[in-house]
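Novice: next come a sequence and a model predicted from it.
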Amino acid sequence: MCGIVGSIGFREPINPELLNRQRDALSHRGPDSCGTWISSDQRVGLGHRRLAIVDLSDAGHQPMIHRHSGTVITFNGEIYNFRELRAELGHLGHRFVSGSDTEVILAAYAEWGADCVTRLQGMFAFALYDPGRSRLLLARDRAGEKPLFFHHSPALLAFASEAKALLCDPRISRTVKRASINEYLAYGYVTGENTMFADIHRLLPGHIMTIDVTSGECASTRYWTVPSLEQRATDVSPEEIEERTETLLTQAVSRQLMADVPVGVLLSGGVDSSLVTAIAAQTSAQRLRTFTARFPGHQEFDEGPYARMVADYLGTEHVELETPPATPELLLSLVAQFDDPIADSSMIPTYLVSREIRRHATVALGGDGGDELFGGYLRYPALIRHERLRRTIPRWARRLAMRIGDAVIPEGTRGRGTLESLAGDIGTSIANAGRIFRADERVQLSAAIRDLPASALHSPEQIRHVRFIDRPSPIQRATANDFTSYMVDDVLVKVDRASMLTSLEVRAPFLDVGVVNYAFGGVPDHLKVAEGARKIMLRLIGTKLLPPRLDLTRKQGFSIPLEAWMHGAWRSLVDETCGDSRDGLVDQRALLAYQKLLKEGKPVGERMFTLLFLRLWERHYGISQVT
């Protein structure tokens, strides 16, 4: 795992000192070594910060140059099938001088061109400069595990693993988009190509971008998309599907244990991480190390007993990490790290447990992706329930219930969104899932979005409402939505930024391309979700591999005592932030109103955190303009 940067100067040579500053802004992603390469005409520059995982020798140093073609690469991630590719390329005449996966990508490009990305199985973001074709290739993995930001203008193409590196360049403005503020307030993150910054974009997962170094022309193409359920999947027996799922997951875990550094597993005691642990314990050549975060004094958030039960049953070397309360300074450091903000407060325990694990291991396996692939969220059975109620309750009655609910159910209370969902269609239910503030509430929160037209104001919901509309069932629409939006731009961002701040590489076996393709293409809805059940397939596997006493229906998530911290350790920071009389991206009056509700004991912790994080982020990054 590493940090990458680079730029192309279309009108003037690049600045080597600026390139090095951008590279070193990512030193937390790669503390082991660094490198810079600049083309002979000074128009192209690549930078790299290395976290050494595979081939710890200097032979794995980057940027790396192909000794025959002169092609140069800077690469972030892991290619789990690189040994198989290396053997295949060796038979085709390629020779290797290192044991790194980076060199295999260079050889794969030399053999297959840009199509080489379709053969790569892993998590990756890389830039590859081909001097023979005078082009730069940017590529990102299918699931979006590894980030890649870019800026493109007539004078400059610049890219980096994190937006903060791009912001080292004064030519890239810190102007924020109104539409992005609107989406952040709706869902707590910005999705798709956009970021909060008007001048910075994201390369989408499963995409390649090709830049002509001479003309500056830029084109992005998709090389992978989320599969649809195959018709023949409904004809396969549940036993065959279970066997195939377990086989693919076992292959993924086995490959992701590969490293030349210590490896552990993030174990929460939930079905996803427990299955990863069980399979890893079977396939690891050494005794497996597992890690669990605990919050002393907050038993309702303590997953320790469940994780300990799994660890004892599997015989792992288990470490329980007691995380201290999050200080204001820690929150501010995370604000600085999340240069494209998200309102997911579980970034805090993710960071704390990553920091502790890093003292014992350099790589950790986790359970991310299991919910989206196999129907783990509580909202999935709710979709089935909503569809049944729509068929039995007249539309006029559902709309009346929504109007009454708006009048009598307090903000932030469960139930308001459900009534609105029932008044609409399945797309409404999908759009409302996970929403933090409604459109009318967002207008009251921020002057920056009050001038948006109605169509743009409702755009965050509309995007999710129509995405994957061609999928034939609510579950297929919802899981594909979450996989390409919530997972990519919230869950994986949280894990990547929080863990890489501690220089820990986190891997996700569920996001192996074989598992992903089969989960969407080969596992039918009834083996994922029913009205009263979730993760049906994974629980079937779990009954064979996990302790009989483990509650496989439990759904807790990586939660924290958020409101308790706002009343305690963070109180001075909350008071100071809300007391700032200047309006910014969030109106001060709105902050004070939610602070009052918080003090009254109302359940507004998540909403307050959303507003607090945005205000602190705005200050840190010196936002001065909105467009």
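Specialist: Arrived safely.

Novice: so residue 566: helix, strand or coil?
Specialist: What DSSP: H, G, I helix; E, B strand; the rest coil gives for residue 566 is helix.

Novice: wait, what's in contact with it?
Specialist: 574, 598, 605, 608, 609 (C-beta atoms under 8 Å, 6 or more residues apart in numbering). The C-beta positions use only the backbone N, C-alpha and C, and glycine is treated the same way.

Novice: repeat the analysis, applying 6 Å as the threshold.
Specialist: residue 574 (C-beta atoms under 6 Å, 6 or more residues apart in numbering).

Novice: distance of residue 118 from residue 325?
Specialist: To residue 325, residue 118 is 47 Å away according to C-beta to C-beta, to the nearest Å.

Novice: below-threshold pLDDT in the stretch 151-300 of the chain: ranges please.
Specialist: 296-300 (pLDDT under 70).

Novice: please say which of residue 118 and residue 325 ends up with more neighbours.
Specialist: More crowded of residue 118 and residue 325, by other C-beta atoms under 10 Å: residue 325, with 18 against 14.

Novice: quick check: that one is in a helix.
Specialist: No. According to three-state DSSP, residue 325 belongs to no helix; its state is coil.

Novice: the residue lying closest to it once chain neighbours are set aside and residue 560: what is the separation?
Specialist: Computed as C-beta to C-beta, 6 or more residues apart in numbering, the closest residue to residue 325 that is not its neighbour in sequence is residue 569, at 4.5 Å. Noted for residue 569: a distance of 11 Å to residue 560, by C-beta to C-beta.

Novice: can you check residue 103 too?
Specialist: Distance, residue 103 to residue 560, using C-beta to C-beta: 42 Å.

Novice: cool, residue 175 as well?
Specialist: 33 Å.

Novice: neighbour count for those two, which is higher?
Specialist: More neighbours surround residue 560 than the other of residue 175 and residue 560, with 24 against 15 (other C-beta under 10 Å).

Novice: Three-state assignment for the more buried one, please.
Specialist: Classified using three-state DSSP, residue 560 is coil.

Novice: pLDDT averaged over stretch 71-81 - what is it?
Specialist: Per-residue pLDDT over stretch 71-81 has a mean of 97.

Novice: cool, and stretch 549-558?
Specialist: 72.

Novice: show me the contacts for residue 245.
Specialist: residue 537.

Novice: wait, a helix at it?
Specialist: Yes. The assignment for residue 245 by three-state DSSP puts it in a helix.

Novice: would you check how far apart it and residue 547 are?
Specialist: Counting by C-beta to C-beta - residue 245 and residue 547 are separated by 20 Å.

Novice: got the contact list for the helix or strand hosting residue 109?
Specialist: Per DSSP states H and E: residue 109 is located in helix 101-112. Residues outside helix 101-112 that contact it (C-beta under 6 Å, 6+ apart) are 54, 64, 66, 69, 73, 75, 79, 82, 85-86, 89, 94, 96, 116, 128.

Novice: got it, and stretch 18-26?
Specialist: By C-beta under 6 Å, 6+ apart, stretch 18-26 touches 3, 5, 45, 47, 49, 161, 164, 165, 168.

Novice: how far away from the center of its chain is it?
Specialist: 23 Å (C-alpha atoms, centre = their mean, to the nearest Å).

Novice: in that stretch, what's buried?
Specialist: Buried residues in stretch 18-26, counted by 16 or more other C-beta atoms under 10 Å: 18, 19, 20, 22, 23, 24, 25, 26.

Novice: how about those, which pair is most distant?
Specialist: 18 and 26 (13.8 Å; C-beta to C-beta).

Novice: just the contacts of stretch 18-26 now: which is nearest residue 343?
Specialist: residue 164 (18.5 Å).

Novice: give me every residue that touches that closest one.
Specialist: Residue 164 neighbours (C-beta under 6 Å, 6+ apart): 25, 339.

Novice: give the rounded mean pLDDT of the helix holding residue 109.
Specialist: pLDDT averaged over helix 101-112 gives 97.

Novice: okay, buried residues for it please.
Specialist: Under the neighbour-count rule (16+ other C-beta under 10 Å), helix 101-112 has 101, 102, 103, 104, 105, 106, 107, 108, 109, 110, 111 buried.

Novice: export these to JSON lines and tack on distance to residue 564?
Specialist: What follows is those, written out as JSON lines (distance: C-beta to C-beta, whole Å):
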{"residue": "101", "distance to residue 564": "44"}
{"residue": "102", "distance to residue 564": "45"}
{"residue": "103", "distance to residue 564": "50"}
{"residue": "104", "distance to residue 564": "49"}
{"residue": "105", "distance to residue 564": "47"}
{"residue": "106", "distance to residue 564": "51"}
{"residue": "107", "distance to residue 564": "54"}
{"residue": "108", "distance to residue 564": "51"}
{"residue": "109", "distance to residue 564": "52"}
{"residue": "110", "distance to residue 564": "57"}
{"residue": "111", "distance to residue 564": "57"}
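
Novice: any idea how far the residue nearest to residue 325 is from residue 563?
Specialist: 12 Å.

Novice: and whichever strand or helix holds residue 306, what does it pack onto?
Specialist: Taking DSSP H and E as the definition, residue 306 sits inside helix 304-314. Judged by 3 or more C-beta pairs under 6 Å, 6 or more residues apart in numbering; DSSP states H and E, the packing partners of helix 304-314 are helix 271-283, strand 289-294.

Novice: which among the ones you listed is found nearest to residue 364?
Specialist: Of all the helices and strands packed on helix 304-314, strand 289-294 comes closest under C-beta to C-beta, at 7.0 Å.

Novice: show me the strands in the stretch 251-400 of the chain, by range?
Specialist: Taking DSSP state E, counting those that start in this stretch as the criterion, the stretch 251-400 of the chain carries its strands at 263-266, 289-294, 317-322, 363-365.

Novice: make a markdown table from those and add distance to residue 201 and mean neighbour count to it.
Specialist: Shown next, in a markdown table, are the strands of the stretch 251-400 of the chain (distance: least, C-beta to C-beta, whole Å; neighbours: other C-beta atoms under 10 Å):
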| stretch | distance to residue 201 | mean neighbour count |
| --- | --- | --- |
| strand 263-266 | 31 | 26 |
| strand 289-294 | 34 | 24 |
| strand 317-322 | 37 | 16 |
| strand 363-365 | 30 | 26 |
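
Novice: out of these, the one nearest residue 227 is which?
Specialist: Using C-beta to C-beta, the nearest of the strands of the stretch 251-400 of the chain to residue 227 is strand 363-365, at 24.0 Å.

Novice: chain center to that closest one: distance?
Specialist: Taking mean C-alpha positions (C-alpha atoms, centre = their mean), strand 363-365 and its chain are 16 Å apart.

Novice: strand partners of it, parallel vs antiparallel please.
Specialist: Applying DSSP bridges, strand 363-365 is found paired with strand 263-266 (parallel), strand 505-507 (parallel).

Novice: fine by me, thanks again.
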